[in-house]
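*Asks:* Predicted model, plus sequence, below.
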Amino acid sequence: MLLRYALHTVRDRKGGFLGAFLALMCAAALITACGTLLETGLRGTIRTERYAAAPVVVSADQNVHRTTVKHKKGKTKVKHKAKPIAERAWLPEDTARRLREVPGVGRVVPELTFLAQPLVPGAVDPDKPAYGHAWDSAALTPFALTAGTAPARPHDLVVDRDLAARAHLSPGDSLTVQSTRAPRTYRVTGIAAPTGHASVTHQTSLFFAAPEARRLAGHAGQVTALGVIPARGQEPAALGRAVAKALDGTTAQVTTGDARGPVEFLDAAGARVKLVSMGGAMGGTSLLVAVLVVVGTFALSVQQRHRELALLRAIAATPGQIRKLLGREALIVGAAAGVLGSLAGLPLGAWLHQRFVALGAVPPTLERTVSVFPLFAAVGATLFGAWAAARISARRIARIRPAEALAEARVERARPAWGRVAAGLVLLAGGAVLVAVLSVLRTEPASTPVTFLAVVVLTSSVALLGPLLVKAAAAVLAGPLRLAGPGGRLATANLRGNAARMAAVVTPLTLLIGMTCTVLFAQPTLGDAARAQAREGIHADWIVAAQGPGVPGEAARKLREADGTVATEVVRTTVRVGLDKYAAQGVTRAGLTRTWDPDVTAGSLENFRRDGVAVSELAADQLHLKPGSTLKLTLGDGTPVTLTVAAVYAKGLGFGDLTMAHDLVARHVDNPLASSVLVRTSRTQEQLAGTVREFPGLRVLAPAAADGLQARRQQDNAEVNLLAMGLILAFTAIAVVNTLAMSVSERIREFAMLRLAGATRRQVLGMLRTEALAVLLLGTVLGSGIALAVLTAFSVGMTGAAAPVVTPLVYVGVVAAAGLLALTATALPGRVALKPKPVEVATAKE
């Protein structure tokens, strides 16, 4: 009975349910899009290219491990955790000898993979990074010569067919390559291409003679991986098991099938973790925002049907029947919106994935994975959100006595609902606690989720306390609004008499402004603090930077040849202490204190040794370190080392948490070239440029110019975060328009009565504009206040100073955009509502 009545209600009141339908559909699309990202991170395929002809691949372990044993109540509990390392781990070359003795092994092919970028116009394809290999490993794909001969001498080189086409190369041409050493010019002896069904689409391959490849790889006695090719008639699966058994007890990993892809494309394997984190954070925030918006939309929808529901109570409908009716209506609307929204979320997720790939946040080698699970999750979340929103919105009308129902149907309740106020105060206190916690969080992974959660919780308190806030705003604005004439006085009366309706509009506006400002200004706050520390700590006269992969060590040595010149090479990496990740850098030690001052607060950088390490105050606090302490850590390629703390410094945000010797770090990273070289000298910029002229792509910059370059890089990174949160902001903006349109469209009878009482069409529209501006002002004040509190706490925790970076022009743009949305969503429905003749509206049956 109730289900049939609910179906009839939804069918006959399509306009009344349209706002809730749109909000739920957008929420479902958003959750589906985030779910596809999360699923891609969990199950996305990484197909092998270089190892296509090697069904079994042996590689080094790419993780650090920690095993803990706990004894409790006579039971032993063993926990094993693993975290990925930042660089490629290398495998001992003598592992090949053991593999050749395994029955069924036909051939073991050593693989070397290292940086090798061609330095010729048109040769570099940003979507296809270039790697060098030994020609002996061409069989792993397999590559075969299509022209020329194989490399035999140190200066010989074979390039793949795509590179030859892009750079117009043919056998006999010369090609300069920037590898792990100084750039070197090679003679192209041949052109190769994959054969059979093999395809190499995500990388550029350059093949060197084996001795030259080993020199450039820089890992004597080690290989990137070993490809195992089975003997004739040997099953690959059985061979994989035999190889794994032979290597049992070692740290080597044996992979077959699709598992070979992550061994080849380490960046794609790392992107999985990033996507899981990003998709989970976006999905969780989307769900919280969706619930908040949908609850407000349903509350407004129920308020618009207050007379109808009151009539049902007056004719003996029980509170339970009212709740069930609204719940079934919500489920009907939620089911339709969830299905359509989840289907719309699939192309939205595809577009989002494409944008992440274009921005470099996700490598193209990580293929997008789509299944029915995100759709089911979105529909389920939508149904639950709709049902919960309807039940929450129905609490008061379901509890009201039948005799009071019709009496209250015409006028909003004057007394506040104390349960709602209490819940709002609890959420306000919870938001204050989150802000306080945020002020003591000092790492970005810990602070980022708390930042957005604090905004949502504080906005939720605004939603519950909204009627009181609107009435308070009406009291404050009563004087200024009277100056606006009759429209202003009418707007004041509406703000006071319809506070709940106005509060439903204030909430999405507050969320839009608060969330947008937080998204836009959190990263600049962190980035500007880091750049300020770097500017203060760098004492170099000039900075040598590279447009390509980095500055070769030979360039730094040439710079040092001039008397009185100090050149500090800086190479960056990430290390792990235990399982915790820390940003680190390696610096050359000679003359270090002349070019670099990280504000040492304990210890000294004088006589900085190869086995020494300087740590930031944050790392020192977390790891309980002081000068003279011993620190055990795992370098980027998985090599464990034990170092002695030489100094503790304050500017960790600008220079990373750990600083080690350059010659230690450079041997354990994929790219040993310096990211920059700090030069202290009496020579001019032109003289330095002449010194490094033989190294293509190097630039000599003033510190201010280098700082500007870093600012542009930060802006590029910020685009990823803006894109990640942009969908949520777009959904919130849609909610603002949706709620405002619903609020105005249901007032057609009110407008007609005003017209009959003598108000002109222009005065009614003026009243609407004044109301919209008053609501916008309140939403701006509340949203800006929430954003300021959250950003200040974020700044205190991350930078140590209450100095959030807020760009005035950007902030004005945010408020202007919100104002444009508010005025447009008010004016257009208002004009439509004023089209019918007032007499016809007043005499029409409700």
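*Replies:* Sure thing, it's come through. Here the structure is a predicted model, which means the values were calculated and not measured.
*Asks:* From here on, just use CA atoms for contacts and neighbour counts.
*Replies:* Fine.
*Asks:* is the closest residue to V577 other than its chain neighbours in a bridge, and if so with what?
*Replies:* Of all residues not flanking V577 in the chain, L633 sits nearest, at 4.6 Å (CA to CA, 6 or more residues apart in numbering). Beta-bridge pairing for L633 (DSSP bridges): V641.
*Asks:* So L633 is in contact with P640, correct?
*Replies:* Yes - at 5.8 Å, L633 counts as touching P640 under the criterion of CA atoms under 8 Å.
*Asks:* more crowded one of these two?
*Replies:* L633 (20 against 14; other CA atoms under 10 Å).
*Asks:* Return the residues in contact with that one.
*Replies:* The neighbours of L633, taking CA atoms under 8 Å, 6 or more residues apart in numbering as the test, are V575, R576, V577, G578, P640, V641, T642.
*Asks:* count of residues packed around the closest residue to A123 other than its chain neighbours?
*Replies:* Excluding its sequence neighbours, the residue lying closest to A123 (CA to CA, 6+ apart) is A167, at 4.9 Å. Using other CA under 10 Å, A167 has 16 other residues around it.
*Asks:* How about D94?
*Replies:* Here the number of neighbours of D94 (other CA under 10 Å) works out to 11.
*Asks:* again, but for R214
*Replies:* Neighbours around R214, by other CA under 10 Å: 20.
*Asks:* E264 versus that one, what's the distance?
*Replies:* To E264, R214 is 18 Å away according to CA to CA, to the nearest Å.
*Asks:* tell me the domain boundaries of the chain?
*Replies:* 1-46+262-411, 56-261, 435-535+707-846, 548-696 (automatic domain parsing).
*Asks:* With distance to L425 and mean pLDDT as extra columns, can I get those domains in a markdown table?
*Replies:* Putting the domains of the chain into a markdown table (distance: least, CA to CA, whole Å; pLDDT from 0 to 100) gives the following:
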| stretch | distance to L425 | mean pLDDT |
| --- | --- | --- |
| domain 1-46+262-411 | 16 | 77 |
| domain 56-261 | 41 | 91 |
| domain 435-535+707-846 | 7 | 82 |
| domain 548-696 | 35 | 93 |
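*Asks:* I'd like to know which of these is closest to R420.
*Replies:* Judged by CA to CA, the one of the domains of the chain that comes nearest to R420 is domain 435-535+707-846, at 5.9 Å.
*Asks:* and that closest one, how far from the chain's centre?
*Replies:* Taking CA atoms, centre = their mean, to the nearest Å, one finds the center of domain 435-535+707-846 at 24 Å from the center of the full chain.
*Asks:* One more: stretch 154-165?
*Replies:* In terms of CA atoms, centre = their mean, the centre of stretch 154-165 is found 37 Å from the chain centre.
*Asks:* Pull the contacting residues for K81.
*Replies:* K81 is in contact with H65, R66, T67, counting by CA under 8 Å, 6+ apart.
*Asks:* swap the cut-off to 6 Å and go again
*Replies:* H65, R66 (CA atoms under 6 Å, 6 or more residues apart in numbering).
*Asks:* got it, and the one 10 residues further on?
*Replies:* Counting by CA under 6 Å, 6+ apart, L91 touches A60, Q222, V223.
*Asks:* ok, now with 7 Å
*Replies:* Contact analysis of L91 by CA atoms under 7 Å, 6 or more residues apart in numbering lists S59, A60, Q222, V223, T224, A225.
*Asks:* tell me which element Q234 falls in.
*Replies:* Using DSSP states H and E, Q234 maps to neither a helix nor a strand.
*Asks:* Surely it and V102 touch.
*Replies:* No - with contact defined as CA atoms under 7 Å, Q234 does not count as touching V102 (11.9 Å).
*Asks:* returning to that earlier point: highest neighbour count among the contacts of L633?
*Replies:* V575 leads those on contacts (other CA under 10 Å) with 27 neighbours.
*Asks:* Was I right to think that one contacts T634?
*Replies:* Yes - the pair V575 / T634 is scored as a contact, 5.8 Å apart, by CA under 7 Å.
*Asks:* just to revisit the earlier point, among the contacts of L91, who's most crowded?
*Replies:* Neighbour count (other CA under 10 Å) singles out A225 as the most crowded of these, with 27 neighbours.
*Asks:* What distance separates the opening and closing residues of stretch 648-660?
*Replies:* Criterion CA to CA; first-to-last residue distance in stretch 648-660 is 12 Å.
*Asks:* now do stretch 211-227
*Replies:* Terminal residues of stretch 211-227 are spaced 19 Å apart (CA to CA).
*Asks:* quick one: buried residues of the strand or helix carrying G813?
*Replies:* Using DSSP H and E, G813 maps to helix 808-833. Across helix 808-833, burial judged by 16 or more other CA atoms under 10 Å covers 811, 814-815, 818-819, 821-827, 829-831, 833.
*Asks:* T510: which of the residues you listed is nearest?
*Replies:* Closest approach between the buried residues of helix 808-833 and T510, by CA to CA: A818, at 9.7 Å.
*Asks:* Distance-wise, check that closest one relative to A718.
*Replies:* Distance, A818 to A718, by CA to CA: 22 Å.
*Asks:* Just say helix, strand or coil for A361.
*Replies:* coil (DSSP: H, G, I helix; E, B strand; the rest coil).
*Asks:* need the contact list for it.
*Replies:* A361 neighbours (CA under 7 Å, 6+ apart): V720.
*Asks:* measure it to L526 for me?
*Replies:* For A361, the distance to L526 equals 19 Å [CA to CA].
*Asks:* what do you get for D267?
*Replies:* Counting by CA to CA, the gap from D267 to L526 is 25 Å.
*Asks:* ok, the residue nearest to A123 - contacts?
*Replies:* Shown in contact with A167 (CA under 7 Å, 6+ apart): P121, G122, A123.
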